[in-house]
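*Asks:* Quick check, what structure comes out for this input:
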Amino acid sequence: MHANAEQLDATPTHTPHDNGTDPGEVELHARNVTFDWSDVPLHWIPGHPIASDFISVLNLLLPEGERWFVQTYNEALPLVRDEELAATMRGFIGQEAMHAEAHDHVLWEFLDHHGIDPRPYARQMEWVFRKVLGPLEKGTAEAKQKHLIERLWLIAAIEHYTAILGDFALNNTWTEVGAHPTMADLFTWHGAEEVEHRAVAHDVAVYFGDSYLRRGRAMLIALPALMILLFRGFRFITSQDTSIRHNNFFYRQYHYMRGVRAGVLPTIRSVLLATVSYFRPGFHPTEIGSTAQAVAYLASSPAARNAS
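*Replies:* Okay, the predicted model is just below:
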């Protein structure tokens, strides 16, 4: 397995799908996966209600976020003259569109089914990604191009975190603690594809305007924005989770740390260390995770194997 300088802290890990063989360049393609949510409990990690709710927050963020990726890349694609990069972008677009669709089903067939109404938060995400982060509608062609480049670097910064979380999804203890296989497969399939295409957003942003200043500025925006959205979403879900009797900061913090110690949640420290690495001159996303491990999981994932 590729050595990862940002490997998540000393929590129990497992790598059953890493065959250790570097597959080299892989052709990105969407896998038309489906999941059956009818028997998945709200607390899909047994004994870890807070960890279950915390990870489920991603289902609130991802549909609109992934659609924003797709919209921005469709805007940028006609401007790319490098056919190899363009082909990679098309593969990236297909995968991200499938991620949006898969997590959108979770909103209604899982969260809504369990009494967590996703509509208020989903509307906020629509406003953030469609209005605040949408294309520049007025201005000169030069201003619109500059705005596009800034959005591409912001996507590259966000994809840094999706790669980190993807690597965590491939190296955790969900299976060992008895997590429901459907939800575990959703996040591990998604995580594996994030590791598989982890360099695309960075390479696209560099193609449009290689700038250390832009890279750093995008990260300084992405990190606090993602933290705010994530923890607001966490409070949003736990406030509607009537099975949590003591829903306060100390209860949530205690059970978050329980999840970290059990290896079902990443540590804040690991995320911060990975953030620091992004600012290192010469950094490239291929330093995170293992393509071999990602491809091996995708070959064994129940949903990916059954994809049409």
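*Asks:* which residues of the stretch 151-300 of the chain fall in helices?
*Replies:* For the stretch 151-300 of the chain, the helices defined by DSSP state H, counting those that start in this stretch cover 181-196, 200-209, 212-240, 249-262, 268-278, 291-300.
*Asks:* Redo these as JSON lines? Include mean pLDDT and distance to residue 113.
*Replies:* In short, each C-beta sits where N, CA and C put it, glycine included. Listed next are these as JSON lines, based on pLDDT from 0 to 100; distance: least, Cβ to Cβ, whole Å:
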{"stretch": "helix 181-196", "mean pLDDT": "98", "distance to residue 113": "13"}
{"stretch": "helix 200-209", "mean pLDDT": "97", "distance to residue 113": "33"}
{"stretch": "helix 212-240", "mean pLDDT": "95", "distance to residue 113": "13"}
{"stretch": "helix 249-262", "mean pLDDT": "93", "distance to residue 113": "23"}
{"stretch": "helix 268-278", "mean pLDDT": "89", "distance to residue 113": "30"}
{"stretch": "helix 291-300", "mean pLDDT": "97", "distance to residue 113": "27"}
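*Asks:* Among those helices, which comes closest to residue 41?
*Replies:* helix 181-196 (9.1 Å; Cβ to Cβ).
*Asks:* Find the centremost residue of this protein, please.
*Replies:* residue 162 (3.6 Å; Cα atoms, centre = their mean).
*Asks:* How about the contacts made by the closest residue in space to it that isn't next to it in sequence?
*Replies:* What sits nearest to residue 162 in space, not counting adjacent residues and going by Cβ to Cβ, 6 or more residues apart in numbering, is residue 194, at 4.4 Å. By Cβ atoms under 8 Å, 6 or more residues apart in numbering, the contact list for residue 194 reads 159, 162, 163, 165, 166.
*Asks:* so the last one touches residue 197, yeah?
*Replies:* No. Between residue 166 and residue 197 there is no contact under Cβ atoms under 8 Å: 9.4 Å.
*Asks:* Comparing these two, which residue is more hemmed in?
*Replies:* residue 166 (26 against 23; other Cβ atoms under 10 Å).
*Asks:* quick one, what contacts that one?
*Replies:* Residues in contact with residue 166 (Cβ under 8 Å, 6+ apart) are 190, 191, 192, 193, 194, 195, 198, 289, 294.
*Asks:* what's the spacing between it and residue 108?
*Replies:* 24 Å (Cβ to Cβ, to the nearest Å).
*Asks:* On the three-state scheme, residue 307 is what?
*Replies:* coil (DSSP: H, G, I helix; E, B strand; the rest coil).
*Asks:* what do you get for residue 99?
*Replies:* Criterion first, three-state DSSP; result for residue 99: helix.
*Asks:* Can you get me a residue count around it?
*Replies:* Number of residues near residue 99 (other Cβ under 10 Å) recorded here: 25.
*Asks:* what's the nearest residue to it if we skip its chain neighbours?
*Replies:* In space, residue 99 is closest to residue 66, 4.7 Å off (Cβ to Cβ, 6+ apart).
*Asks:* In terms of helices and strands, where is that neighbour?
*Replies:* helix 58-76 (DSSP states H and E).
*Asks:* What are the buried residues along that helix?
*Replies:* 58-73, 76 (16 or more other Cβ atoms under 10 Å).
*Asks:* Please apply the same query to stretch 263-282.
*Replies:* Buried residues in stretch 263-282 (16+ other Cβ under 10 Å): 263, 264, 265, 266, 267, 270, 271, 273, 274, 275, 278.
*Asks:* For the third one, give me its contacts.
*Replies:* The neighbours of residue 265, taking Cβ under 8 Å, 6+ apart as the test, are 51, 54, 55, 256, 259.
*Asks:* Can you find the helix or strand of the protein with the lowest average pLDDT?
*Replies:* None of the helices or strands of the chain scores lower by mean pLDDT, DSSP states H and E than helix 268-278, at a mean of 89.
*Asks:* could you say what helices and strands that one packs with?
*Replies:* Applying 3 or more Cβ pairs under 8 Å, 6 or more residues apart in numbering; DSSP states H and E, one finds that helix 268-278 contacts helix 141-170, helix 212-240.
*Asks:* closest one to residue 115 among the ones you listed?
*Replies:* helix 212-240 (6.5 Å).
*Asks:* That closest one relative to helix 58-76, how many degrees between them?
*Replies:* Calculated by axes from the mean of the first three to the mean of the last three Cα atoms, to 10 degrees, helix 212-240 forms an angle of 150 degrees with helix 58-76.
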